[in-house]
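# Model the following, please.
(one chain, ligands or ions: 2)
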Amino acid sequence: MIPVAEALEHLFSLVTPLEVESVPLRQAAGRVLARDAVATRTQPPFDASSMDGYALRRSEMEPDAMFKVVGEAAAGHGFSGRIGPGQCVRIFTGAPIPQDVDFVVIQEDVTRRGDLITLNREIGDKDNIRPAGGDFKRGDVIKAPRRLGAPDVALLAAMNIAIVPVTRRPIVAIMATGDELVMPGEVPGADQIIASNTFGLAAQLEAIGAETRMIPIARDTPAALKTAFALTGGADLIITIGGASVGDHDLVAPVAAELGMEQSFYKVAMRPGKPLMAGRLKGAAMIGLPGNPVSALVCGTVFVAPLVCAMLGLPARAMARLQTQLAAPLPANGPREHYMRASVDPEGLRAFDRQDSSLLTVLAHSNALLVRPPHDPARAVGDTVSYLAL
Ligand SMILES: Nc1nc2c(c(=O)[nH]1)N[C@H]1C(S)=C(S)[C@@H](COP(=O)(O)OP(=O)(O)OC[C@H]3O[C@@H](n4cnc5c(N)ncnc54)[C@H](O)[C@@H]3O)O[C@H]1N2
Ligand code: MOO
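Ligands and ions are numbered 1, 2, ... in the order given. Have a look, this model is predicted:
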């Protein structure tokens, strides 16, 4: 058994960032920017009014001063004439500041009669002008790699970048194994259950940018497993679920070895997730996840998601560990790093009483995985502990 951090390093060494592809801006959200994006324009492209009011010369401003309104500047419709002494222009938010003037008085601070405005007594010093290039300038960059969120998409649009270079989505083949499994919607036999963790894992990985392919459930025979493996062609990452342990029907490792898998490691000192295996198979990375639903999904969080992120060109690193106080005591931990299903709120972190790796209900109620180091002693309320946010 190797430690979790070592297993993760082995996994990262199995992959490299995938190729770059171009997508329209509308499809860029959530994708990973693969090359620096360079602004093709300056924003705002001109000095612009930030308020509705009147544009005039700061040097002419004094209490009760009067100005004649000689024109109008609106967003999309600038004022191109000249503005003489004692004159001003009606201006609206977003309009270019006309030449000759350098101050916008907001309309609340003037009294208007016909073509004349009179300034009120109290006018602040703020000119209400957004300088050209105040947001970004032509040539400014959004650095890659970066997962593009909604503000990034808006920024790319403002920079007039309509086609975005992103890393190709990794294709992940997900294969459930086991005679006991049927698909959701089917009628299970008396000895059967519904395949669940494949669906959870697919959801988990699609949410971070993978394209998943669900391989038909493989029965517990070498021939069925070989057929299922044959359907994983073209995948960048092959994930099997179940059949990873030491039982007579746990055939994934021997069959994968027969198909030429170069094993990187087998068994990790963690709980749940001990019988994890990984390696390379026919040009793809392969991970064998344990079958217990919680084990598979915890390994999905701790190992597979960071691996998919590395394939997307993001920095190869473990999921961030946060820290908070315990809101309920904990007994001493055993020899494996324990990822305990827990709930975190402003009072602190509380592990659920039941931690069996088959309990999807407990996982579904968790919003954190409390991480206990191997041999961690008993902990009291108020002790600082590490966790992964779910
Ligand atoms: N003698 C030992 N027995 C076991 C050990 C051990 O060290 N010595 N390890 C235990 C641990 S820890 C785990 S985890 C499991 C992992 O076993 P497998 O990876 O071989 O998984 P299976 O036996 O195929 O299944 C375990 C469990 O999960 C259910 N399962 C499997 N696939 C799915 C699926 N796609 N959806 C929902 N449920 C699934 C399966 O029916 C079993 O109940 O081994 C322990 N045993
Ligand atoms: O991986 Mo197993 O879940 O430790 O029960």
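# and stretch 354-367, anywhere near ligand 2?
Yes. Taking CB under 6 Å from any ligand atom as the criterion, stretch 354-367 and ligand 2 are in contact, through S357. C-betas here are computed from N, CA, C, even on glycine.
# ends of that stretch, how far apart?
Its start and end residues considered, stretch 354-367 measures 15 Å (CA to CA, to the nearest Å).
# buried stuff in it?
Using 16 or more other CB atoms under 10 Å as the test for burial, stretch 354-367 gives Q355, S357, L359, V362, L363, S366.
# Spell out which residues make up each domain of this structure.
What the record gives for the chain is the domain set 4-17+169-311, 20-43+134-167, 48-130, 322-389, from automatic domain parsing.
# thinking again about what came up before, so which of the buried residues of stretch 354-367 belong to strands?
With strands defined by DSSP state E, no entry of those lies inside them.
# So of those residues, which two are at opposite extremes in space?
For the buried residues of stretch 354-367, the farthest-apart pair by CB to CB is S357 and S366; their separation is 12.8 Å.
# burial count for L330?
Residues contacting L330 under the criterion other CB atoms under 10 Å number 22.
# which residues touch it?
Shown in contact with L330 (CB atoms under 8 Å, 6 or more residues apart in numbering): M340, A351, L370, R372, A378, R379, V385.
# I would like a ChimeraX command selecting only the buried ones among the residues you listed, please.
To isolate the buried ones among the contacts of L330 in ChimeraX, judged by 16+ other CB under 10 Å, type:
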select :340,351,370,372,379,385
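# can I get the buried residues of stretch 354-367 in a markdown table with pLDDT?
Formatted as a markdown table, the buried residues of stretch 354-367 follow (pLDDT from 0 to 100):
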| residue | pLDDT |
| --- | --- |
| Q355 | 97 |
| S357 | 97 |
| L359 | 98 |
| V362 | 98 |
| L363 | 98 |
| S366 | 98 |
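# just those residues that are near ligand 1?
Cross-checking the buried residues of stretch 354-367 against ligand 1 (CB under 6 Å from any ligand atom) gives S357 as the overlapping residues.
# Got the phi and psi for the residue of the chain found nearest ligand 2?
Scanning the chain for proximity to ligand 2 using CB to the nearest ligand atom identifies P272 as nearest, at 2.8 Å. Recorded main-chain torsions at P272 are phi -80, psi 170, according to degrees, to the nearest 10.
# burial of the residue in the stretch 201-350 of the chain positioned nearest to ligand 1, as a residue count?
Of all residues in the stretch 201-350 of the chain, G291 sits closest to ligand 1, with a separation of 2.5 Å (CB to the nearest ligand atom). Here the neighbour count serves as a burial measure; for G291 (other CB under 10 Å) it reads 25.
# Against D353, how distant is it?
23 Å (CB to CB, to the nearest Å).
# hey, what's the closest residue to R58 other than its chain neighbours bridged with?
Taking CB to CB, 6 or more residues apart in numbering as the measure, R58 lies nearest to F103, with 4.2 Å between them; neighbours along the chain are not counted. Listed beta-bridge partners, F103: L56 (assigned using DSSP bridges).
# for F103, what are its contacts?
The contact partners of F103, taken as CB under 8 Å, 6+ apart, are A55, L56, R57, R58, M61, D127, N128, I129.
# ok so, going back, mind listing which of the contacts of L330 are in strands?
Those of those lying in strands (DSSP E): M340, A351, L370, R372, V385.
# So what does the residue lying closest to V70 once chain neighbours are set aside have for phi and psi?
Beyond its immediate neighbours in the sequence, the residue positioned closest to V70 (CB to CB, 6+ apart) is Q87, lying 4.7 Å away. Per-residue torsions, Q87: phi -110, psi 160 (degrees, to the nearest 10).
# same thing with T301?
Backbone dihedrals for T301, given as degrees, to the nearest 10, come out at phi -70, psi -50.
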